Every structure is written in C-alpha cells, then in structure tokens.
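Trainee: Need the 3D shape of this:
(one chain, ligands or ions: 2)
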Amino acid sequence: MPVATDSSRTQWPPVSIRDNETGEESKQRLHDAAEAKRISDEIDRQLDHERLQRSKVVGVKILLLGQAESGKSTVLKNFQLLFAPKAFELEAEVWRPVIHLNLVRSVNFIISFLTRNQQGKQGGRDSIGSNHQRKASAAGAAVSPEIRKLFTRLAPLRQVEENLIAIISGRSTSKSSDGSQSQSQYNPSKVELSVRSGSGWKQALSLVRESVESSESSTRSIDHESRRILAALGDDIANLWKDDHVQQSLKEAEIALQEQPGFFLDQAARVAQEDYRPSPDDVLKARVTTIGPEEHIIIPESGSQKAKQWTIYDVGGSRGQRAAWAQFFDDVHIIIFLAPMSGFNQVLAEDESVNRLTDSLRLWQLICSNKILANVEFVLFLNKLDILGAKLKSGIQFSSFVTSYKDQPNETKPVARYLLDVFASLHQQHSPKRRRLYPYLTCAVDTKATSSVIFRIQEVILVKLLGETHAL
Ligand SMILES: Nc1nc2c(ncn2[C@@H]2O[C@H](COP(=O)(O)OP(=O)(O)OP(=O)(O)O)[C@@H](O)[C@H]2O)c(=O)[nH]1
Ligand SMILES: [Mg+2]
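Mentor: Ligands and ions are numbered 1, 2, ... in the order given. Below is the predicted model:
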C-alpha cells in the first residue's frame, strides 16, 4: 500500500494549492504523510504475516498409493477412527448396506458357483480368477437335497443384491417377487461394488437413512424389505457357510472366500439381524472399490494432536486409475505406499497375466524413482500380514511363486523379512537422492496394531516435518 511523501508529482492535494501554506503547515503536512506511511507499512507487514501463517497452517497432507485392494481406503478409515472417532461412529450406519451387499454377494457367489459346477458348465469367470472355475469341475460332487433346499430358500437374495446396489448407487430398481429373473442375469464376476467418488454415495446413503427414519418413500420400503429378507435368512446363510460340502467344494477349487475383500460369511447371523449396526471392525472390513481420487480432511477431535489437520488423498489403485495419481505429487508431505504381501500367488483383476506382487514391486520402483517426490517422506506398509500368514500356514509355498526365495522357511516372519528387504533395496537403489524409508508390516483391519503404527508415524515423521516448517 504505497503512500507518497514528498514527491510533488504524486502528492495530493496538488502542490499549487499549497503554494501559500506557512512553514509550520508544511512541516505538519510532511509529518502527517510520514505517519500515514508508517501506519500503511505496518498494515502491509501484518497482512504479509497473516498470509504466511495461512499458507503454513495447512496441516499434513498424505497420499495413499498402491494397487487395487492393497488396503488404501482401509488405512484412511483407520486415520478417521483414530483422530475423529465421533464422526466415524456417526458414519457407521452408512456402511450397513455396503456390508450387507458384501455378505449377499458372497452367498450368491457360492450358490452360482456350486450350481454351475453341478451343471458341468465351464468357461465362466469368477471374481477370484478363472483358474478356480476350471479347477471347480473337479469339485463338482452332487449337491445334497438339503443344500438344494437351502439354495431355494436363499434365492430371494438375488433380488436383495439388486436392491442394495440400487440403494447404494441411487438407482431405482424393479422388484421381482421370487428373484428368478435376476438369477438368470446373475454375473458372479461383479462380486465387488464400486462407486465413483464424485457420486457422493455416502451422502446418498445418509439420505436413505433419513428417509428410513422419517418419511415414507420407495427407498424406505426397498430398504425395509431387504433387511427383513436378510434377517429371515441369517441362519440359512450361516448354515450354508458351515456346510461340509460347500467348504470342501471351495477348498478343492482353491477358493478361499475368507481371504477375499468384504468377507462377512462367518458373521452372517449377527450381520443379518434387522437391527444390525456396523461395528468399527465391520466398517474396516467393508469393501468398496475407489474410483477416482478422493480428498478427506480429518480434523482431530482431541486438541492435543500434533497435526492440526490431516488431508488424506485416497485414490483408485487399478491400472486404469493410476494416471490420476500424479496430480497430487507436488503437494504432499507423506506418501504411504501399500503393498499387500498376500498377493504373491494372485493375479491382477484387471490383467490376469500379471502377478500382484510383481505389479506392486514395479509400481514401488516407479514411485521411488519419481523426481517430483524426492523430498516427500516415504512410508511403506507391507500389508495383509494376516492373510500372508494364513496362506503360508495352509501350505501354499512362497518359493513356488518367488523363485529367488530359495531354501528358506515357508513361515510368515522370514517371508515378510525377505519382502521388506526387497522393497527397501529397491527404494535405496531408485530414489533420486538419499531418503529415509519408514517401513512397517501391517494388518490394516487390525485397528489396534494400525493405530500404534500411525502414532509412530506421527512421532517420527511429524516431528521432523514440524522441525522443518514450524507450523504444520
Ligand atoms: N484380512 C485383511 N484384509 C485387509 C487388510 N487390509 C485391507 N483389507 C481388506 O481388503 C479389502 C480391500 O481394501 P481397500 O482398502 O478397499 O483397498 P484399496 O487399496 O482402497 O483398493 P482400491 O480402492 O480398489 O484401490 C477390504 O475389504 C479391506 O477390509 C489386511 O491387512 N488384512
Ligand atoms: Mg480404495
């Protein structure tokens, strides 16, 4: 804010008017102008200071990266649960239709799988990989009359699946009373639910909840009917999952549903209850594919937290989604890269010719070598430790898939250690300049263990960032 002092060209009033001012008046005028400049400069200084403070107090920005199903959105939920538990609790109900859909799809998958086995149909693809469908024919022993009766009783779940999708995606649905039409259209390759981030599905579900609580609407009656059907079939679902023939057929086809995302079959009786309310653990296990980047701002509910605010960018991890990652690279403090250790014997859903672990390693190398990220703090979550353990314990040999892992024990600790070394050495070799890596072995559905990892990140990285900027 410039103020002129003694230049006749820029003074106001013009000099001609002051021609007959006395010496005293001239002195006073110059004094007033100098004072005005001092005040103006002070205001400018104050504004600059405030601008600087505003630009610094932005909080910590984290970008979650990793292939699809690696656990990015689950880590985001852990941050929300840890720093904003009241908001998390309030949102829990919104996840109910998603959890119900996860459950219902598992049931419909089993029925479809066993029915197709029975009919000797081949060549279809399932969500778990086409290999399984081929192996399934070997497991196609006759389905008992009891199981067939169970299938009939569970048939309305086809319609429930459609209703839940309609509710979640905000579409209308046509109802069929026996679900027979939807049975013929059922495609088990659609086992996962994806909703575009921009579609505001959580808001849509909040509206469903409000309509359920208050007014009459078609959504309300669809939701009510779906809950009623599910509640009536809770025990049947539990019995289907417990059935020896079902377990044996899945085992012979090497389908481990309990290791798949959104697995609630072992909780069916509880989850299917009409008044079911998701627990934090349930919310963490719920599976929705992220499509398109999402920005989540978490303001800690407790004032004592080191970060005033967390901004977390959650992105879609499948190959088609990765081009959208780069827009966040020059604006983040921390990258948390998730690599699911359990992917060593799996292929990508979007490209069955690519092993998931190979994809993770390539992706990691690319991210490590990115020059724009040279000054960003790198956190590595070698995730799904529990599933890795279960797979190794079931007899799957890590060395059959990772041939460089020779003559070493097929146990969780040494395998995890080996993977950690591989990822750490890629980081060291490919980082544009020396950078510290913060690696952790994680199980993102274990809230207690994950919270202690997040606290460690706070302690180590935030203290460092705070030291550099003084104002996070
Ligand atoms: N058992 C187990 N399940 C996990 C773990 N981490 C995540 N999951 C589950 O794996 C599924 C996929 O996790 P998400 O967080 O949705 O994966 P994502 O990386 O966000 O996937 P995209 O959005 O498709 O990129 C969810 O059902 C999670 O509950 C883990 O450590 N152990
Ligand atoms: Mg996600």
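Trainee: For the residue in the stretch 351-472 of the chain that ligand 2 sits nearest to, grab phi and psi.
Mentor: In the stretch 351-472 of the chain, the residue that lies nearest ligand 2 is residue 444 (11.1 Å; CB to the ion). For the C-beta atoms, the positions are set from N, CA and C on the backbone; glycine is no exception. Note on residue 444: its backbone torsions stand at phi -70, psi -10 [degrees, to the nearest 10].
Trainee: Surely it touches residue 454?
Mentor: No - contact between residue 444 and residue 454 fails when scored by CB atoms under 8 Å: they sit 10.6 Å apart.
Trainee: Tell me, how many residues neighbour the residue of the stretch 351-472 of the chain closest to ligand 2?
Mentor: Using other CB atoms under 10 Å, residue 444 has 26 other residues around it.
Trainee: Contacts only, for the one residue sitting closest to the centre of the chain.
Mentor: Nearest to the geometric centre of the chain sits residue 73, at 1.0 Å (CA atoms, centre = their mean). Under the criterion of CB atoms under 8 Å, 6 or more residues apart in numbering, the neighbours of residue 73 are 64, 288, 290, 314.
Trainee: My guess is residue 168 contacts residue 98. True?
Mentor: Yes - Residue 168 is in contact with residue 98 according to CB under 8 Å; the separation is 6.5 Å.
Trainee: do you know how far the residue of the stretch 251-400 of the chain found nearest ligand 2 is from residue 103?
Mentor: Among all residues of the stretch 251-400 of the chain, residue 290 sits closest to ligand 2, at 3.1 Å; criterion: CB to the ion. As defined by CB to CB, to the nearest Å, residue 290 lies at a distance of 20 Å from residue 103.
Trainee: Assign a three-state SS to residue 296, would you?
Mentor: For residue 296, the assignment made with DSSP: H, G, I helix; E, B strand; the rest coil gives strand.
Trainee: Apart from its neighbours in sequence, what residue is nearest it?
Mentor: In this structure, residue 296 finds its nearest non-sequential neighbour in residue 312, 4.7 Å apart by CB to CB, 6 or more residues apart in numbering.
Trainee: Number of residues surrounding the one you found?
Mentor: 22.
Trainee: what does the one 3 residues further on give?
Mentor: A total of 22 residues lie near residue 315 under the criterion other CB under 10 Å.
Trainee: ok, back up a step: tell me which of residue 290 and residue 103 has more neighbours.
Mentor: residue 103 (26 against 21).
Trainee: Tell me the residues of the chain that contact ligand 2?
Mentor: Taking CB under 5 Å from the ion as the contact definition, the chain meets ligand 2 at 72-73, 290.
Trainee: Switch those residues over to a markdown table; also include secondary structure.
Mentor: Output for these, formatted as a markdown table (three-state DSSP):
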| residue | secondary structure |
| --- | --- |
| 72 | helix |
| 73 | helix |
| 290 | strand |
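Trainee: between these, which is nearest residue 238?
Mentor: Residue 238 lies nearest to residue 73 out of these, by CB to CB, at 27.6 Å.
Trainee: Might you quantify the distance of stretch 404-421 from its chain's geometric centre?
Mentor: On the basis of CA atoms, centre = their mean, to the nearest Å, stretch 404-421 sits 28 Å off its chain's mean C-alpha point.
Trainee: residues making contact with that stretch?
Mentor: Stretch 404-421 has contacts (CB under 8 Å, 6+ apart) with 339, 341, 382, 385, 388-389, 392, 397-399, 402, 439, 441.
Trainee: Could you identify the most distant pair in those?
Mentor: Longest span within the contacts of stretch 404-421, CB to CB: 397 and 439, 24.5 Å.
Trainee: Show me where the stretch 301-450 of the chain dips below the pLDDT cut-off.
Mentor: Within the stretch 301-450 of the chain, the segments meeting pLDDT under 70 span 304, 306.
Trainee: Which residue does it have closest to ligand 1?
Mentor: At 2.9 Å from ligand 1, residue 317 is the closest residue in the stretch 301-450 of the chain, using CB to the nearest ligand atom.
Trainee: So what's the residue count around that residue?
Mentor: Neighbourhood size, residue 317 [other CB under 10 Å]: 26.
Trainee: Ok, the one 4 residues further on next?
Mentor: Counted with other CB under 10 Å, the neighbours of residue 321 add up to 18.
Trainee: show me the contacts for it.
Mentor: Neighbouring residues of residue 321 by CB under 8 Å, 6+ apart: 68, 290-292, 315.
Trainee: Which ones among those map onto strands?
Mentor: Among these, the members found in strands (DSSP state E) are 290-291.
Trainee: Just send the contacts of residue 321 back as JSON lines, with distance to ligand 1 too.
Mentor: Shown next, in JSON lines, are the contacts of residue 321 (distance: CB to the nearest ligand atom, whole Å):
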{"residue": "68", "distance to ligand 1": "4"}
{"residue": "290", "distance to ligand 1": "3"}
{"residue": "291", "distance to ligand 1": "8"}
{"residue": "292", "distance to ligand 1": "10"}
{"residue": "315", "distance to ligand 1": "7"}
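Trainee: biggest separation within the contacts of residue 321, which pair?
Mentor: Greatest spacing in the contacts of residue 321, by CB to CB: 68 and 292 (13.2 Å).
Trainee: okay, the two: which has more neighbours?
Mentor: Ranked by neighbour count (other CB under 10 Å), residue 68 and residue 292 place residue 68 first, with 23 against 14.
Trainee: Isn't that one up against residue 316?
Mentor: Yes - judged on CB under 8 Å, residue 68 makes contact with residue 316 at a distance of 7.0 Å.
Trainee: Show me whatever sits in contact with both of the two.
Mentor: Common neighbours of residue 68 and residue 316, using CB under 8 Å, 6+ apart, are residue 289.
Trainee: one step back: burial count for the residue lying closest to the residue of the stretch 251-400 of the chain closest to ligand 2 once chain neighbours are set aside?
Mentor: Sequence neighbours aside, residue 316 is the residue nearest to residue 290 in space, at 4.6 Å (criterion: CB to CB, 6+ apart). Close neighbours of residue 316, defined as other CB under 10 Å, add up to 22.
Trainee: Please tell me how far residue 316 sits from residue 268.
Mentor: Separation of residue 316 from residue 268 (CB to CB) stands at 29 Å.
Trainee: Can you tell me which of the contacts of residue 321 is closest to residue 82?
Mentor: Nearest to residue 82 among the contacts of residue 321, counting by CB to CB, is residue 290 at 19.9 Å.
Trainee: was I right about the closest one contacting residue 71?
Mentor: No - here residue 290 does not reach residue 71: they are 11.3 Å apart, not a contact under CB under 8 Å.
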